[in-house]
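A.B. asks: with the input below, show me the fold.
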Amino acid sequence: MAESFGALLRECRLAAGISMGELARRVNYSKSYLSKIENDVKPPNATVARLCDGVLDAGGALIGAARTARERTDSAVELDGLDRRQLLAGAGTLLGIALAGGPRPVPDEQVVVGLRTSFEQLRRLGMQTSPAVVLEPLVAQVRTVHALARENPEPVRSRLLVLAGRTAEYTGWQSQEAGNEPGALWWTRYAAELARAGGDREIARYALVREAGIALYRQDPISTIDLARQAQREGRAAGSRLLGLAARREAQGHALAGDRDACERALDRAANLLQSSTVDIRPYSVLGSTAPEPLALARGWALVDLGRVGEAATLLDREVARLPATARRTRARFGARRSLAYALAGEIDKSCVTLAETIDDAAHVDSATVRADLRELARSLSRWRGHHAVREILPELSRVLHRY
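C.D. replies: A predicted model of the protein is given here:
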(Lines give C-alpha, C1' and ligand atoms only; values in the text may rest on other atoms or scores of the structure.)
Protein backbone atom coordinates (compact mmCIF):
# COMPACT_ATOMS: atom_id res chain seq x y z
CA MET A 1 0.00 0.00 0.00
CA ALA A 2 1.31 3.47 -0.89
CA GLU A 3 2.81 5.27 2.13
CA SER A 4 2.47 8.85 0.86
CA PHE A 5 0.17 10.88 -1.35
CA GLY A 6 2.83 11.06 -4.05
CA ALA A 7 3.32 7.31 -4.06
CA LEU A 8 -0.45 6.78 -4.24
CA LEU A 9 -0.74 9.25 -7.11
CA ARG A 10 1.95 7.41 -9.03
CA GLU A 11 0.26 4.07 -8.31
CA CYS A 12 -3.12 5.33 -9.54
CA ARG A 13 -1.61 7.00 -12.60
CA LEU A 14 0.28 3.86 -13.66
CA ALA A 15 -2.79 1.68 -13.01
CA ALA A 16 -4.80 3.97 -15.32
CA GLY A 17 -2.09 3.79 -17.99
CA ILE A 18 -1.74 7.58 -18.14
CA SER A 19 1.56 9.38 -18.56
CA MET A 20 2.52 12.34 -16.40
CA GLY A 21 2.23 14.62 -19.42
CA GLU A 22 -1.27 13.37 -20.24
CA LEU A 23 -2.38 13.77 -16.61
CA ALA A 24 -1.03 17.33 -16.62
CA ARG A 25 -3.00 18.09 -19.78
CA ARG A 26 -6.24 16.71 -18.37
CA VAL A 27 -6.10 18.51 -15.02
CA ASN A 28 -4.64 21.76 -16.43
CA TYR A 29 -1.59 21.80 -14.16
CA SER A 30 2.02 21.73 -15.32
CA LYS A 31 3.91 18.46 -15.66
CA SER A 32 6.72 19.75 -13.44
CA TYR A 33 4.28 20.71 -10.67
CA LEU A 34 2.60 17.30 -10.71
CA SER A 35 5.98 15.61 -10.79
CA LYS A 36 6.97 17.44 -7.59
CA ILE A 37 3.77 16.26 -5.92
CA GLU A 38 4.27 12.69 -7.10
CA ASN A 39 7.82 12.73 -5.73
CA ASP A 40 6.63 14.24 -2.42
CA VAL A 41 8.62 17.42 -3.00
CA LYS A 42 5.43 19.50 -2.76
CA PRO A 43 2.39 18.72 -0.63
CA PRO A 44 -0.91 18.10 -2.42
CA ASN A 45 -3.69 20.66 -2.25
CA ALA A 46 -7.35 19.72 -2.19
CA THR A 47 -8.05 21.00 -5.71
CA VAL A 48 -5.29 18.99 -7.39
CA ALA A 49 -6.29 15.91 -5.41
CA ARG A 50 -9.93 16.19 -6.53
CA LEU A 51 -9.01 16.69 -10.18
CA CYS A 52 -6.52 13.82 -10.25
CA ASP A 53 -8.97 11.57 -8.44
CA GLY A 54 -11.62 12.28 -11.07
CA VAL A 55 -9.31 11.80 -14.06
CA LEU A 56 -7.71 8.63 -12.67
CA ASP A 57 -11.05 7.27 -11.41
CA ALA A 58 -9.46 6.67 -8.01
CA GLY A 59 -12.78 6.41 -6.19
CA GLY A 60 -11.92 9.06 -3.60
CA ALA A 61 -8.61 7.49 -2.57
CA LEU A 62 -6.57 10.53 -3.62
CA ILE A 63 -9.04 12.94 -2.01
CA GLY A 64 -8.81 11.06 1.27
CA ALA A 65 -5.01 10.80 1.10
CA ALA A 66 -4.68 14.55 0.55
CA ARG A 67 -6.93 15.23 3.52
CA THR A 68 -4.86 12.90 5.69
CA ALA A 69 -1.69 14.67 4.61
CA ARG A 70 -3.18 18.04 5.56
CA GLU A 71 -4.34 16.72 8.93
CA ARG A 72 -0.82 15.64 9.78
CA THR A 73 0.43 19.22 9.50
CA ASP A 74 -2.59 21.32 10.41
CA SER A 75 -4.04 21.66 13.87
CA ALA A 76 -7.72 20.80 13.92
CA VAL A 77 -10.19 23.60 14.60
CA GLU A 78 -12.30 22.56 17.54
CA LEU A 79 -15.80 24.06 17.44
CA ASP A 80 -17.49 21.47 19.61
CA GLY A 81 -16.35 22.73 22.99
CA LEU A 82 -19.70 24.26 23.88
CA ASP A 83 -21.53 21.92 26.21
CA ARG A 84 -25.20 22.20 27.04
CA ARG A 85 -24.67 24.00 30.35
CA GLN A 86 -22.40 26.60 28.76
CA LEU A 87 -24.94 27.07 26.00
CA LEU A 88 -27.84 27.71 28.35
CA ALA A 89 -25.78 29.92 30.65
CA GLY A 90 -24.50 31.90 27.67
CA ALA A 91 -28.01 32.36 26.35
CA GLY A 92 -29.10 34.06 29.54
CA THR A 93 -26.03 36.30 29.56
CA LEU A 94 -26.19 37.30 25.90
CA LEU A 95 -29.89 37.74 25.42
CA GLY A 96 -31.04 38.90 28.82
CA ILE A 97 -34.00 37.46 30.70
CA ALA A 98 -36.67 40.14 30.67
CA LEU A 99 -37.44 43.45 29.07
CA ALA A 100 -37.08 46.59 31.15
CA GLY A 101 -40.20 48.26 32.45
CA GLY A 102 -42.04 45.35 34.05
CA PRO A 103 -44.54 42.85 32.59
CA ARG A 104 -46.59 43.71 29.55
CA PRO A 105 -50.11 42.62 28.54
CA VAL A 106 -50.48 39.26 26.84
CA PRO A 107 -49.76 39.83 23.13
CA ASP A 108 -52.85 39.36 20.99
CA GLU A 109 -52.91 37.67 17.58
CA GLN A 110 -52.03 40.85 15.71
CA VAL A 111 -48.90 41.35 17.81
CA VAL A 112 -47.71 37.76 17.27
CA VAL A 113 -48.37 38.02 13.52
CA GLY A 114 -46.54 41.36 13.43
CA LEU A 115 -43.48 39.85 15.11
CA ARG A 116 -43.52 36.92 12.71
CA THR A 117 -43.88 39.29 9.74
CA SER A 118 -40.90 41.29 10.99
CA PHE A 119 -38.78 38.12 11.03
CA GLU A 120 -39.89 37.14 7.51
CA GLN A 121 -38.93 40.58 6.22
CA LEU A 122 -35.47 40.23 7.74
CA ARG A 123 -35.18 36.78 6.19
CA ARG A 124 -36.06 38.12 2.73
CA LEU A 125 -33.59 40.96 3.21
CA GLY A 126 -30.92 38.45 4.17
CA MET A 127 -31.29 36.78 0.77
CA GLN A 128 -30.15 39.97 -0.96
CA THR A 129 -27.67 41.80 1.23
CA SER A 130 -24.78 41.52 3.69
CA PRO A 131 -25.30 39.69 7.00
CA ALA A 132 -24.01 42.86 8.65
CA VAL A 133 -27.31 44.51 7.71
CA VAL A 134 -29.58 41.91 9.32
CA LEU A 135 -27.62 40.39 12.22
CA GLU A 136 -28.21 43.19 14.73
CA PRO A 137 -31.99 43.36 14.21
CA LEU A 138 -32.17 39.55 14.25
CA VAL A 139 -30.41 39.37 17.62
CA ALA A 140 -32.67 42.13 18.96
CA GLN A 141 -35.75 40.25 17.78
CA VAL A 142 -34.68 36.99 19.42
CA ARG A 143 -34.11 38.87 22.67
CA THR A 144 -37.48 40.62 22.50
CA VAL A 145 -39.52 37.56 21.57
CA HIS A 146 -37.77 35.32 24.10
CA ALA A 147 -38.37 37.85 26.88
CA LEU A 148 -42.06 38.14 25.92
CA ALA A 149 -42.34 34.37 26.02
CA ARG A 150 -40.96 34.25 29.54
CA GLU A 151 -43.46 36.88 30.70
CA ASN A 152 -46.59 35.27 29.29
CA PRO A 153 -48.61 32.11 29.91
CA GLU A 154 -49.56 29.33 27.51
CA PRO A 155 -50.50 29.06 24.71
CA VAL A 156 -48.85 32.39 23.80
CA ARG A 157 -45.60 31.36 25.49
CA SER A 158 -45.05 28.34 23.24
CA ARG A 159 -45.89 30.26 20.07
CA LEU A 160 -43.36 32.95 20.97
CA LEU A 161 -40.68 30.38 21.85
CA VAL A 162 -41.11 28.73 18.45
CA LEU A 163 -40.78 32.12 16.74
CA ALA A 164 -37.68 32.89 18.81
CA GLY A 165 -36.26 29.50 17.80
CA ARG A 166 -36.88 30.14 14.11
CA THR A 167 -35.26 33.55 14.38
CA ALA A 168 -32.27 32.17 16.29
CA GLU A 169 -31.77 29.45 13.65
CA TYR A 170 -31.61 32.07 10.91
CA THR A 171 -29.31 34.19 13.08
CA GLY A 172 -26.96 31.21 13.17
CA TRP A 173 -26.97 30.98 9.39
CA GLN A 174 -26.23 34.69 9.02
CA SER A 175 -23.43 34.37 11.59
CA GLN A 176 -21.88 31.69 9.41
CA GLU A 177 -22.27 33.91 6.37
CA ALA A 178 -20.47 36.65 8.32
CA GLY A 179 -17.56 34.26 8.90
CA ASN A 180 -18.29 33.63 12.59
CA GLU A 181 -18.35 29.83 12.82
CA PRO A 182 -18.36 29.59 16.65
CA GLY A 183 -21.24 32.06 16.71
CA ALA A 184 -23.08 30.08 14.05
CA LEU A 185 -22.77 26.93 16.12
CA TRP A 186 -23.87 28.71 19.30
CA TRP A 187 -26.98 30.24 17.72
CA THR A 188 -27.91 26.96 16.02
CA ARG A 189 -27.82 25.05 19.29
CA TYR A 190 -29.61 27.83 21.11
CA ALA A 191 -32.36 27.73 18.46
CA ALA A 192 -32.81 24.03 19.17
CA GLU A 193 -33.23 24.74 22.90
CA LEU A 194 -35.84 27.43 22.29
CA ALA A 195 -37.75 25.24 19.85
CA ARG A 196 -37.81 22.28 22.21
CA ALA A 197 -39.13 24.53 24.98
CA GLY A 198 -41.88 25.67 22.61
CA GLY A 199 -42.81 22.12 21.59
CA ASP A 200 -41.41 22.31 18.02
CA ARG A 201 -39.10 19.33 17.54
CA GLU A 202 -38.57 20.08 13.83
CA ILE A 203 -36.22 23.01 14.43
CA ALA A 204 -34.27 20.95 16.95
CA ARG A 205 -33.81 18.21 14.35
CA TYR A 206 -33.04 20.67 11.57
CA ALA A 207 -30.33 22.16 13.80
CA LEU A 208 -28.35 18.98 13.18
CA VAL A 209 -28.60 19.60 9.42
CA ARG A 210 -27.32 23.12 10.02
CA GLU A 211 -24.43 21.82 12.13
CA ALA A 212 -23.62 19.44 9.29
CA GLY A 213 -23.54 22.46 6.98
CA ILE A 214 -21.07 24.22 9.27
CA ALA A 215 -18.85 21.11 9.16
CA LEU A 216 -19.15 20.98 5.35
CA TYR A 217 -17.80 24.51 4.95
CA ARG A 218 -15.06 23.61 7.43
CA GLN A 219 -14.03 20.88 4.94
CA ASP A 220 -14.78 18.16 7.51
CA PRO A 221 -16.51 15.30 5.66
CA ILE A 222 -16.66 12.89 8.60
CA SER A 223 -18.54 15.32 10.87
CA THR A 224 -20.77 16.37 7.95
CA ILE A 225 -21.82 12.77 7.29
CA ASP A 226 -22.20 11.87 10.98
CA LEU A 227 -24.35 14.90 11.81
CA ALA A 228 -26.52 14.44 8.70
CA ARG A 229 -27.10 10.78 9.58
CA GLN A 230 -27.93 11.73 13.17
CA ALA A 231 -30.52 14.17 11.82
CA GLN A 232 -32.06 11.35 9.78
CA ARG A 233 -32.16 8.99 12.76
CA GLU A 234 -33.68 11.55 15.11
CA GLY A 235 -35.97 12.97 12.44
CA ARG A 236 -37.82 9.78 11.53
CA ALA A 237 -40.89 11.12 13.30
CA ALA A 238 -40.61 14.38 11.38
CA GLY A 239 -41.72 15.11 7.85
CA SER A 240 -40.00 13.64 4.83
CA ARG A 241 -38.78 17.10 3.76
CA LEU A 242 -36.47 17.40 6.75
CA LEU A 243 -35.19 13.87 6.15
CA GLY A 244 -34.59 14.78 2.50
CA LEU A 245 -32.58 17.86 3.47
CA ALA A 246 -30.50 15.73 5.84
CA ALA A 247 -29.85 13.15 3.10
CA ARG A 248 -28.88 15.96 0.73
CA ARG A 249 -26.32 17.22 3.25
CA GLU A 250 -25.04 13.68 3.78
CA ALA A 251 -24.48 13.41 0.02
CA GLN A 252 -22.35 16.55 0.05
CA GLY A 253 -20.30 15.08 2.88
CA HIS A 254 -19.68 11.90 0.89
CA ALA A 255 -18.60 14.02 -2.09
CA LEU A 256 -16.16 15.93 0.10
CA ALA A 257 -14.77 12.56 1.19
CA GLY A 258 -14.45 11.46 -2.45
CA ASP A 259 -17.04 8.67 -2.26
CA ARG A 260 -19.15 9.08 -5.40
CA ASP A 261 -21.23 5.91 -4.94
CA ALA A 262 -22.30 6.89 -1.42
CA CYS A 263 -22.99 10.43 -2.65
CA GLU A 264 -25.29 9.18 -5.42
CA ARG A 265 -27.13 6.85 -3.05
CA ALA A 266 -27.75 9.69 -0.60
CA LEU A 267 -28.93 11.99 -3.39
CA ASP A 268 -31.35 9.32 -4.64
CA ARG A 269 -32.68 8.90 -1.12
CA ALA A 270 -33.06 12.67 -0.77
CA ALA A 271 -34.95 12.86 -4.07
CA ASN A 272 -37.45 10.21 -2.98
CA LEU A 273 -37.99 11.89 0.37
CA LEU A 274 -38.44 15.39 -1.03
CA GLN A 275 -40.82 14.18 -3.74
CA SER A 276 -43.01 12.52 -1.11
CA SER A 277 -43.04 15.53 1.23
CA THR A 278 -46.26 17.42 1.82
CA VAL A 279 -46.77 21.17 1.78
CA ASP A 280 -46.14 22.78 5.17
CA ILE A 281 -49.19 24.90 5.96
CA ARG A 282 -47.81 26.41 9.16
CA PRO A 283 -47.36 30.21 9.12
CA TYR A 284 -43.58 30.13 8.68
CA SER A 285 -41.18 29.97 5.76
CA VAL A 286 -39.92 26.45 5.17
CA LEU A 287 -36.61 25.49 6.72
CA GLY A 288 -33.67 25.04 4.38
CA SER A 289 -33.18 25.88 0.73
CA THR A 290 -36.02 27.46 -1.24
CA ALA A 291 -34.24 27.10 -4.61
CA PRO A 292 -36.33 25.65 -7.47
CA GLU A 293 -34.20 22.47 -7.74
CA PRO A 294 -32.12 22.16 -4.55
CA LEU A 295 -31.04 18.60 -5.35
CA ALA A 296 -29.73 19.49 -8.80
CA LEU A 297 -27.74 22.33 -7.27
CA ALA A 298 -26.40 20.01 -4.58
CA ARG A 299 -25.39 17.47 -7.23
CA GLY A 300 -23.51 20.15 -9.15
CA TRP A 301 -21.81 21.26 -5.94
CA ALA A 302 -20.84 17.66 -5.13
CA LEU A 303 -19.43 16.97 -8.59
CA VAL A 304 -16.86 19.74 -8.07
CA ASP A 305 -15.72 18.10 -4.83
CA LEU A 306 -15.53 14.77 -6.65
CA GLY A 307 -13.29 16.26 -9.34
CA ARG A 308 -15.96 15.83 -12.05
CA VAL A 309 -15.67 19.49 -12.94
CA GLY A 310 -16.87 19.30 -16.56
CA GLU A 311 -20.13 17.63 -15.50
CA ALA A 312 -20.47 20.09 -12.63
CA ALA A 313 -20.07 23.14 -14.87
CA THR A 314 -22.72 21.95 -17.33
CA LEU A 315 -25.22 21.12 -14.59
CA LEU A 316 -24.68 24.31 -12.60
CA ASP A 317 -24.89 26.43 -15.75
CA ARG A 318 -28.42 25.15 -16.31
CA GLU A 319 -29.53 25.39 -12.68
CA VAL A 320 -28.12 28.83 -11.89
CA ALA A 321 -30.07 30.22 -14.86
CA ARG A 322 -33.29 29.07 -13.15
CA LEU A 323 -32.67 30.98 -9.91
CA PRO A 324 -34.78 34.13 -9.45
CA ALA A 325 -33.03 37.50 -9.40
CA THR A 326 -34.22 38.07 -5.82
CA ALA A 327 -32.24 35.05 -4.57
CA ARG A 328 -28.93 36.91 -4.72
CA ARG A 329 -27.23 34.87 -2.00
CA THR A 330 -28.08 31.57 -3.68
CA ARG A 331 -27.12 32.93 -7.09
CA ALA A 332 -23.77 34.10 -5.71
CA ARG A 333 -23.11 30.78 -3.97
CA PHE A 334 -23.76 28.46 -6.89
CA GLY A 335 -22.63 30.97 -9.49
CA ALA A 336 -19.20 31.13 -7.84
CA ARG A 337 -18.98 27.35 -7.79
CA ARG A 338 -20.04 27.20 -11.45
CA SER A 339 -17.21 29.59 -12.43
CA LEU A 340 -14.79 27.56 -10.33
CA ALA A 341 -15.86 24.36 -12.10
CA TYR A 342 -15.26 25.96 -15.50
CA ALA A 343 -11.83 27.21 -14.41
CA LEU A 344 -10.79 23.80 -13.09
CA ALA A 345 -12.01 22.23 -16.33
CA GLY A 346 -9.71 24.56 -18.28
CA GLU A 347 -12.58 26.52 -19.87
CA ILE A 348 -11.14 29.89 -18.90
CA ASP A 349 -13.27 32.07 -21.18
CA LYS A 350 -16.45 30.48 -19.87
CA SER A 351 -15.23 30.81 -16.29
CA CYS A 352 -14.62 34.53 -16.74
CA VAL A 353 -17.96 35.11 -18.49
CA THR A 354 -19.94 33.36 -15.74
CA LEU A 355 -17.93 35.11 -13.04
CA ALA A 356 -18.85 38.46 -14.58
CA GLU A 357 -22.51 37.40 -14.26
CA THR A 358 -22.01 36.45 -10.59
CA ILE A 359 -19.64 39.02 -9.15
CA ASP A 360 -22.24 41.74 -8.52
CA ASP A 361 -24.39 39.33 -6.50
CA ALA A 362 -21.30 38.21 -4.56
CA ALA A 363 -20.38 41.81 -3.76
CA HIS A 364 -23.87 42.59 -2.46
CA VAL A 365 -24.36 39.56 -0.21
CA ASP A 366 -20.88 39.72 1.38
CA SER A 367 -20.83 35.99 2.19
CA ALA A 368 -17.86 34.35 3.91
CA THR A 369 -18.90 30.96 2.50
CA VAL A 370 -19.13 32.31 -1.06
CA ARG A 371 -15.74 33.99 -0.68
CA ALA A 372 -14.19 30.58 0.07
CA ASP A 373 -15.01 29.46 -3.49
CA LEU A 374 -14.04 32.86 -4.92
CA ARG A 375 -10.61 32.62 -3.27
CA GLU A 376 -10.07 29.20 -4.80
CA LEU A 377 -11.28 30.57 -8.13
CA ALA A 378 -8.82 33.47 -7.87
CA ARG A 379 -5.97 31.01 -7.27
CA SER A 380 -7.03 28.96 -10.29
CA LEU A 381 -7.39 31.96 -12.60
CA SER A 382 -4.08 33.43 -11.45
CA ARG A 383 -2.35 30.59 -13.29
CA TRP A 384 -3.78 32.08 -16.50
CA ARG A 385 -2.78 35.70 -15.91
CA GLY A 386 -1.72 36.12 -19.53
CA HIS A 387 -5.22 35.32 -20.75
CA HIS A 388 -7.10 38.44 -21.89
CA ALA A 389 -10.37 37.59 -20.11
CA VAL A 390 -8.52 36.79 -16.88
CA ARG A 391 -6.65 40.12 -16.96
CA GLU A 392 -9.99 41.89 -17.24
CA ILE A 393 -11.85 40.06 -14.46
CA LEU A 394 -9.12 39.54 -11.81
CA PRO A 395 -9.04 43.18 -10.58
CA GLU A 396 -12.80 43.11 -9.95
CA LEU A 397 -12.55 39.72 -8.26
CA SER A 398 -9.74 41.04 -6.07
CA ARG A 399 -11.87 44.03 -5.04
CA VAL A 400 -14.72 41.75 -3.97
CA LEU A 401 -12.36 39.54 -1.97
CA HIS A 402 -10.63 42.41 -0.17
CA ARG A 403 -13.34 45.00 0.35
CA TYR A 404 -14.52 43.49 3.66
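
A.B. asks: what is the burial count for the residue nearest to Lys42 when sequence neighbours are not counted?
C.D. replies: Of all residues not flanking Lys42 in the chain, Lys36 sits nearest, at 4.2 Å (C-beta to C-beta, 6 or more residues apart in numbering). Heads up, the C-betas are built off the backbone N, CA and C, glycines and all. Close neighbours of Lys36, defined as other C-beta atoms under 10 Å, add up to 14.

A.B. asks: quickly find the element holding Lys36.
C.D. replies: Here Lys36, judged by DSSP states H and E, is contained in helix 31-38.

A.B. asks: now for the helix or strand just after that helix, which elements pack on it?
C.D. replies: As assigned by DSSP H and E, the chain's next helix or strand after helix 31-38 is helix 46-56. Contact here means 3 or more C-beta pairs under 8 Å, 6 or more residues apart in numbering; DSSP states H and E; on that basis helix 46-56 packs against helix 5-16, helix 20-27, helix 31-38, helix 61-73, helix 368-382.

A.B. asks: flag every buried residue along helix 46-56.
C.D. replies: Of the residues in helix 46-56, 47-56 count as buried by neighbour count, 16 or more other C-beta atoms under 10 Å.

A.B. asks: now the residues you listed in TSV, with distance to Glu347 and pLDDT?
C.D. replies: Below are the buried residues of helix 46-56 laid out as TSV (distance: C-beta to C-beta, whole Å; pLDDT from 0 to 100):
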residue	distance to Glu347	pLDDT
Thr47	16	88
Val48	18	91
Ala49	21	92
Arg50	17	89
Leu51	14	91
Cys52	18	92
Asp53	20	92
Gly54	15	90
Val55	16	91
Leu56	21	93
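
A.B. asks: and which of those residues is nearest to Gly258?
C.D. replies: For the buried residues of helix 46-56, the minimum distance to Gly258 (C-beta to C-beta) is 5.8 Å, reached by Asp53.

A.B. asks: give me the number of residues near the closest residue to the closest one other than its chain neighbours?
C.D. replies: Of all residues not flanking Asp53 in the chain, Leu62 sits nearest, at 4.0 Å (C-beta to C-beta, 6+ apart). Neighbour count of Leu62, defined by other C-beta under 10 Å: 27.

A.B. asks: quick one: average pLDDT of the helix or strand harbouring Leu161?
C.D. replies: Using DSSP H and E, Leu161 maps to helix 156-177. What helix 156-177 shows for mean pLDDT is 93.

A.B. asks: same question, stretch 209-225
C.D. replies: Per-residue scores along stretch 209-225 average to 95.

A.B. asks: any buried residues in that stretch, and which?
C.D. replies: Neighbour-count burial for stretch 209-225 flags 209-216, 220-221, 223-225 (criterion: 16+ other C-beta under 10 Å).

A.B. asks: just stretch 124-142 next, same as before
C.D. replies: Residues 126-128, 130-131, 133-135, 137-139, 141-142 are the ones in stretch 124-142 that count as buried (16+ other C-beta under 10 Å).

A.B. asks: model confidence over that stretch, on average?
C.D. replies: Averaging pLDDT along stretch 124-142 yields 94.

A.B. asks: what's next to it, contact-wise?
C.D. replies: Contact partners of stretch 124-142, identified using C-beta atoms under 8 Å, 6 or more residues apart in numbering, comprise 95, 115, 118-119, 122, 164, 167-168, 170-171, 174-175, 177-178, 326-330, 364-367.

A.B. asks: the stretch 251-400 of the chain: helices as residue ranges?
C.D. replies: The residue ranges that make up the helices of the stretch 251-400 of the chain, judged by DSSP state H, counting those that start in this stretch, are 260-275, 294-305, 309-320, 328-344, 348-365, 368-382, 388-402.

A.B. asks: now find how far off-centre the longest one is within its chain.
C.D. replies: Meaning helix 348-365. Its chain's C-alpha centre and that of helix 348-365 lie 19 Å apart, by C-alpha atoms, centre = their mean, to the nearest Å.

A.B. asks: tilt between it and helix 388-402?
C.D. replies: Inter-element angle recorded for helix 348-365 and helix 388-402: 20 degrees (by axes from the mean of the first three to the mean of the last three C-alpha atoms, to 10 degrees).

A.B. asks: please apply the same query to the third one.
C.D. replies: An angle of 70 degrees separates the directions of helix 309-320 and helix 388-402 when computed by the same axes, to 10 degrees.

A.B. asks: report all helices and strands that helix 309-320 contacts.
C.D. replies: Counting contacts by 3+ C-beta pairs under 8 Å, 6+ apart, helix 309-320 packs against helix 294-305, helix 328-344, helix 348-365.

A.B. asks: can you pull the buried residues of it?
C.D. replies: Using 16+ other C-beta under 10 Å as the test for burial, helix 309-320 gives 309-317, 319-320.

A.B. asks: neighbours of Leu194, how many?
C.D. replies: Neighbours of Leu194 using other C-beta under 10 Å come to 27.

A.B. asks: ok so, going back, quick one: closest of the helices and strands packed on helix 309-320 to Leu267.
C.D. replies: The minimum distance between Leu267 and the helices and strands packed on helix 309-320 falls on helix 294-305, with 5.9 Å, by C-beta to C-beta.
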